[in-house]
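Asks: here you go, sequence then predicted model.
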Amino acid sequence: MTNSRRQVPTAGEIVHYRQPRKLDSQAVRMLAVLLILILIAGVAIFRLVCIQMFRHGLYKSISDSIHLEVLDMPASRGQILDCRFRPLAGSSETLSFWACSHGLTKSEKSLAKKKLAGFADVPQDKVEEAFGERPRFISLRRFCDEDTALRIQRLNVPGIGSSVEHLRYYTSDCASNIIGFVNAQGEALEGAERYYDGLLSGAPGKLVVNPYVRLQGAPLIQEILKQPTDGHNVVLTIDNTIQFILSEHLRDACEKWNSPLALGVIMDPKTGAILGMSSYPSYSSASYGESYKAQMSKEEVPNYLRDLLEPGGLYKARCLTDLFEPGSLFKIFIVAAALDMNVIRPYEKFFCENGSFRVGRSVISDWRPFGELTVEEILIRSSNIGMSKIGMRLTSTLMHQYLMKFGLLEKPGLGLFAEPVPGLRDLSQWDQEYTCFVSFGQGVAISALALVSAVSAIANDGILMRPYILAAVQSSDGTIIHQTDPTVIRRVIKTSTARTMTAMMHNVVMQGGARVASIPGVAVCGKTGTAQVFDHETGTYSHEDLITSFIGFAPAEDPQVAILISVFSPKHEQREIWGSTVAAPIFSAVAGHVLAYLGSRSRPYLNMANNNDPAEDRS
Amino acid sequence: MKIPSSISKRLYGMDGVIISIVIVLLAVGLIMVFSATMLRSANEYGSACYYLKRHALFLSFALSIALCFALIPFKTLPRLSIPLILLTIVLLALVFVPGVGISHRGATRWLSFAGFCFQPSELAKFSLPLFLSSMIWSQRRKRHGSVRVFASTLPVVLLVLFLVAAEPDYGTAGLLGMICGSIYFVAQTKLKHIVALGALALPSSFCAYYVSPHFRKRVVDFVAFAIDPTNAPWHLRQAFTAMGSGGVFGMGLGKGMHKHLVLAESFNDFAFASLAEDGGFIAATTVIVLFSALVARGIMLSLALENYFARLLGFGLSMSLGIQAFMNISVVLGLMPTTGISLPFISYGGSGMLANLITAGILLSVLRSRVEGGNS
């Protein structure tokens, strides 16, 4: 107390006490209290340092884990293009609408229902469900086109939101087996879509949002961690027009010959590029589900094609996945091997035993008894006995070696589908009988692609090219970032052998039963094949089910296309079933169309092989 | 209209530093109230500014009332002390009258007045220091000793504290007790009396501890937390998460997410945590420094006053603001049990805002006595 002063103050009047300049005890107490408060402030700041600096990481991670979500930003899936850069499959950005009635008031719900009532673009039952009593989050409509999206947005309905989704569309129905499809969830399930998914899908971007804190529908925080990278475009060697021609003819063939399955491969023999590869029945990538259901309802198919009715059987590219006995068309590879090894000469004559030849426990027979035939005649008349003799002359070791060189004993390795290993016996188990069978294409199972690839080697002067279907990879901005160069696998036969074979195969078409395979003005080389189907249940060859094929290339002087057509189990009431009657005309039609489309000008082909008189023949 | 020269003189005589600090804190409060309420407001009222508008409305109303108080001539203040304390006691008592007092979450603290809820205990934050300083001053003028000082003031103080504690509002009771204690301490009473008074606080705390399960829970929670920091009560953990995620620079205005969704009382009692989340360590420290500066400025200016009453009142009002601020910040930082004291000038809330601005207004009037008193 400092008021040790005089001056008695009157009540209610304010009196100022003069204080000495030095700090009095009251001031000391006030400063002490102030010091305590400053100390508390210091403690508080220290506490803040601990919480906000030292433990910032911990609390930030807790907060982020509660409030933030990392979302994928969808990347646009790349296109699948044909060799002329026509889109076979592409993606378009569409809006998908959802409705969320969480947190909506009753009046908002009824307003939403009123606005959407009678609105054709949105299913009414979903509207009822979305804005009913219980709060819901449901998808209203996915993949809206621009107009529909605009119409829905203009309604300005509370509780309705949209998100960008990429819709996959397919422009070509005929290449579905190659392209495959992507399901509604965006998973690539089959074909090129699946195999090249890594290239096509791109990398989704990363977006950090706080989904729960929204002001007028927009999250407060929205930070793009990573921009999405759009997928690459995949350019296939497939030519959509060729593919269309092929699949149309295969369909016609199936209808005409009442066949459950037909397949065809068209290859550029000089590069190994697959120009077309199709099978019938096929499906549409755009509506793969319905196609599958339609297929399921079909009537019975032969036992050996049972998997056509199995789930997924429709989606297979059968030219890659199916092995079948090639039959007589296999003879060209054996003759080529024998000629190449010089174990036979083109005009050497073989006695064909008048139609019955015993090898081991088996009797080999011809479709018609033949006497002496030259090598070329053996091909033209398609004599099994003649071929057996050539095969025995070649020996099993060399035959195996040449089949290996033709690439017939390995998978073509496109990768699009699981390719089975060709079905042949191990060399150690080749007896004389089996060698004979192989020489006319029995007891072996080869895929269509492998056969076309091998015949391409003959067309390509004896050089086997690696078959390929990926022509190039194009980045989303259009630059080519990868181009597949045609790859030589190996030389299979000498150029001269290949030329001789070309001439012989030309004569097969000119003089054999396969004349129907010829194309006016174009020198066609080819060979028919009619194989019986081996029934695994009975262990015998079926007389009902045949696989009729035709393999060939054209034009002879400068082969542009190598084609295999196979029709499985054709049935016809009036016509006989042979490779020459069923497959050869299809070959002719397909090759004729394709060559016309390619603008191929045929030069005169001078056939150096001898001209035998044309005998009426079938194969 | 010409402003009378006496008023303009009073306006110019006010301390600019305190005014500036209060205005900065009020601005921070406006921003934080908006930042912390925009989502809630948009969700509840369809407009992000509902709470902000209300806050601004309270603010302008409170500012004008506070200005009136600031313009009261210093000499008049002692005459106001008795009516104000009587009004406080009457209003505090009215809270207990059924039908007049409004209960919320088990506590009857509010009076409804013209559509607004008013908390009478807020009134005590400035009426009690005013009463206390004027009483002590008059006692001292009569050269009465410590005992007489206590004897003449303590019954009223204890009555107010009891009424507040009975609401129950132990936080505010504690706050008022601390304000009064500091005034007694500075009033040069004997230290042993202060210690005795402190000793009186202990049994009353025990009493509260046993009477109120609510109070008990808060204390037990706090003790558990003090022993083991991982044991933090839920709301404190959320406050820490909010503050901690703010880091040094903060999440950015309005971007602190924890305060939007998880943090309870994010715009009143835990506004400091919202502030620390949005503005980070920098903003939080700035606010602490501003409050320290406010109290220091008030106390230092009071020190320089020659009038005993003015000194005591200036100190008491500065402490009223300072203790509230530091109690609130300490609670948010987990340094003391939850009290329910809001952060002056920043927290959302009408009567608190009004009381604190009136406190600041009276403080300005008191500190002006430096100028006024010179020629009186």
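Replies: Yes, it's here. Here the structure is a predicted model, which is why all the values come from computation and not from measurement.
Asks: okay, helices next: where are they in the stretch 51-200 of chain A?
Replies: Secondary structure of the stretch 51-200 of chain A, counting by DSSP state H, counting those that start in this stretch: helices at A:56-67, A:106-116, A:124-130, A:146-155, A:176-179, A:191-195, A:197-201.
Asks: in the stretch 251-400 of chain A, what residue lies closest to chain B?
Replies: Closest contact between the stretch 251-400 of chain A and chain B, by C-beta to the nearest C-beta, is at A:G289 (42.4 Å). Glycine gets a C-beta too; all of them are placed from N, C-alpha and C.
Asks: same check on chain A?
Replies: Closest point on chain A to chain B, by C-beta to the nearest C-beta, is A:Y59, at 2.5 Å.
Asks: any idea of the pLDDT on that residue?
Replies: pLDDT for A:Y59: 89.
Asks: who's in contact with it?
Replies: Counting by C-beta atoms under 8 Å, 6 or more residues apart in numbering or on different chains, A:Y59 makes contact with A:51, B:240-245.
Asks: CSV please, covering these and showing secondary structure and neighbour count.
Replies: Converted to CSV, the contacts of A:Y59 look like this (DSSP: H, G, I helix; E, B strand; the rest coil; neighbours: other C-beta atoms under 10 Å in any protein chain shown):
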residue, secondary structure, neighbour count
A:I51, helix, 28
B:F240, helix, 26
B:T241, helix, 26
B:A242, helix, 30
B:M243, helix, 33
B:G244, helix, 27
B:S245, helix, 29
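Asks: thinking again about what came up before, can you redo the helices of the stretch 51-200 of chain A as TSV with distance to B:F249?
Replies: Below are the helices of the stretch 51-200 of chain A laid out as TSV (distance: least, C-beta to C-beta, whole Å):
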stretch	distance to B:F249
helix A:56-67	10
helix A:106-116	39
helix A:124-130	42
helix A:146-155	38
helix A:176-179	53
helix A:191-195	48
helix A:197-201	39
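Asks: what's the closest of the ones you listed to B:V33?
Replies: Of all those, it is helix A:56-67 that lies closest to B:V33, at 21.1 Å by C-beta to C-beta.
Asks: hang on, the earlier thing: quick one: the residue nearest to the residue of chain A closest to chain B when sequence neighbours are not counted from B:Y50, how far?
Replies: Counting by C-beta to C-beta, 6 or more residues apart in numbering or on different chains, A:Y59 lies nearest to B:G244, which is 2.5 Å off, once chain neighbours are set aside. Counting by C-beta to C-beta, to the nearest Å, the gap from B:G244 to B:Y50 is 29 Å.
Asks: likewise for B:H144?
Replies: For B:H144 relative to B:Y50 (C-beta to C-beta), the value is 54 Å.
Asks: buried residues in stretch A:157-172?
Replies: A:157-160, A:162, A:165-168, A:170-172 (16 or more other C-beta atoms under 10 Å in any protein chain shown).
Asks: what does stretch B:135-143 give?
Replies: By 16+ other C-beta under 10 Å, the buried positions in stretch B:135-143 come out as B:135-141.
Asks: now the residues you listed as CSV including secondary structure, pLDDT and distance to A:G526?
Replies: Shown next, in CSV, are the buried residues of stretch B:135-143 (DSSP: H, G, I helix; E, B strand; the rest coil; pLDDT from 0 to 100; distance: C-beta to C-beta, whole Å):
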residue, secondary structure, pLDDT, distance to A:G526
B:M135, helix, 91, 124
B:I136, helix, 91, 123
B:W137, helix, 90, 125
B:S138, helix, 89, 129
B:Q139, helix, 87, 129
B:R140, helix, 85, 128
B:R141, helix, 86, 131
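Asks: could I get those as a markdown table with distance to A:D340?
Replies: Converted to a markdown table, those look like this (distance: C-beta to C-beta, whole Å):
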| residue | distance to A:D340 |
| --- | --- |
| B:M135 | 127 |
| B:I136 | 126 |
| B:W137 | 128 |
| B:S138 | 132 |
| B:Q139 | 131 |
| B:R140 | 130 |
| B:R141 | 134 |
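Asks: residue of chain B closest to chain A, please.
Replies: B:G244 (2.5 Å).
Asks: hang on, that residue packs against A:K60?
Replies: Yes. Between B:G244 and A:K60 there is a contact under C-beta atoms under 8 Å: 6.7 Å.
Asks: tell me where the stretch 251-376 of chain B has helices.
Replies: With helices called from DSSP H, counting those that start in this stretch, the stretch 251-376 of chain B shows them at B:257-261, B:271-304, B:308-332, B:350-367, B:369-372.
Asks: just these: most buried one?
Replies: Comparing the helices of the stretch 251-376 of chain B by mean neighbour count (mean count of other C-beta atoms under 10 Å in any protein chain shown), helix B:308-332 comes out on top with a mean of 28.
Asks: pLDDT weak spots in the stretch 1-150 of chain A?
Replies: For the stretch 1-150 of chain A, residues meeting the criterion pLDDT under 70 lie at A:1-22, A:102-103.
Asks: which residues in it form strands?
Replies: A:69-73, A:80-81, A:87-100, A:137-144 (DSSP state E, counting those that start in this stretch).
Asks: quickly run through the sheet partners of the longest one, with directions.
Replies: Looking back up the chat, that one is strand A:87-100. strand A:80-81 (antiparallel), strand A:137-144 (antiparallel), strand A:160-170 (antiparallel) (DSSP bridges).
Asks: could you dump it to CSV, C-alpha only?
Replies: Listed next in CSV are the C-alpha coordinates belonging to strand A:87-100 (Å, rounded to 0.1, in the frame of the first residue of the first chain):
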residue,chain,number,x,y,z
PRO,A,87,-10.6,-48.0,-86.3
LEU,A,88,-11.8,-51.4,-85.3
ALA,A,89,-12.3,-50.5,-81.7
GLY,A,90,-12.2,-47.2,-80.0
SER,A,91,-13.2,-45.4,-76.8
SER,A,92,-15.3,-42.4,-76.4
GLU,A,93,-15.8,-40.2,-73.3
THR,A,94,-19.4,-40.5,-72.1
LEU,A,95,-21.1,-39.3,-68.9
SER,A,96,-22.6,-41.8,-66.5
PHE,A,97,-25.2,-40.5,-64.1
TRP,A,98,-25.8,-41.6,-60.6
ALA,A,99,-28.3,-40.5,-58.0
CYS,A,100,-27.5,-40.1,-54.3
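Asks: show residues contacting stretch A:237-245.
Replies: So stretch A:237-245 is in contact with A:82-84, A:86, A:88, A:172, A:174-175, A:178, A:266, A:268, A:273-278, A:468-471, A:484, A:590, A:593-594, A:597, going by C-beta under 8 Å, 6+ apart.
Asks: narrow these to those that are buried.
Replies: Buried among the contacts of stretch A:237-245 (16+ other C-beta under 10 Å): A:82-83, A:88, A:172, A:174-175, A:178, A:266, A:268, A:273-278, A:468-471, A:484, A:590, A:593-594.
Asks: next step: these restricted to strands.
Replies: Judged by DSSP state E, these include A:88, A:266, A:274-278, A:470-471 as members of strands.
Asks: which parts of stretch A:429-447 are buried?
Replies: Buried residues in stretch A:429-447 (16+ other C-beta under 10 Å): A:430, A:434-447.
Asks: packing partners of the helix or strand hosting A:L263?
Replies: Using DSSP states H and E, A:L263 maps to strand A:261-267. Packed against strand A:261-267 by the contact rule (3 or more C-beta pairs under 8 Å, 6 or more residues apart in numbering or on different chains; DSSP states H and E) you find helix A:240-256, strand A:274-280, helix A:318-321, helix A:448-459, strand A:561-568, helix A:579-598.
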